[in-house]
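Chemist: Dropping a prediction and its sequence here:
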Amino acid sequence: MPLVDIQLIEGVFNAEQKREMIEKVTDAMVGIEGEAMRGVTWVRVQEVASGEWGIGGKALTAEDVKAIQAQAG
């Protein structure tokens, strides 16, 4: 039984986006191992408080991530 953890900065993704992540990750596992995997695939979405996640020595906030997304899009 696979357990997939998705860790996110709180406030970046909404509830619908998180539901979609769970569905698509489950579908990916089913695509690899077959439909019997669907009922035993666990997906956890864990949120880390804004500012408590860092990259390169700098704490990132939800606002930082949204600004990066806006620059990329």
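Modeler: Received it, and whenever you're ready, just let me know what you need.
Chemist: what's the nearest residue to residue 38 if we skip its chain neighbours?
Modeler: residue 30 (5.1 Å; CB to CB, 6 or more residues apart in numbering). C-beta: built from backbone N, CA, C; applies to glycine.
Chemist: isn't that neighbour right up against residue 37?
Modeler: Yes. Under the criterion of CB atoms under 8 Å, residue 30 makes contact with residue 37 at 5.1 Å.
Chemist: Quick check: the residue nearest to residue 38 is in a strand.
Modeler: No. Secondary structure of residue 30 (DSSP: H, G, I helix; E, B strand; the rest coil): helix, not part of a strand.
Chemist: so where do the helices sit in the chain?
Modeler: Listed in chain order, the helices of the chain (DSSP state H) span 15-33, 62-72.
Chemist: Residue 15 and residue 8, how far apart?
Modeler: Distance of residue 15 to residue 8, computed by CB to CB, to the nearest Å: 12 Å.
Chemist: Show me which of the two is the more surrounded one.
Modeler: Legend: neighbour count by other CB atoms under 10 Å for residue 15 and residue 8, higher for residue 8 (17 against 8).
Chemist: show me the contacts for the more buried one.
Modeler: Neighbour list for residue 8: 18, 45-48 [criterion: CB atoms under 8 Å, 6 or more residues apart in numbering].
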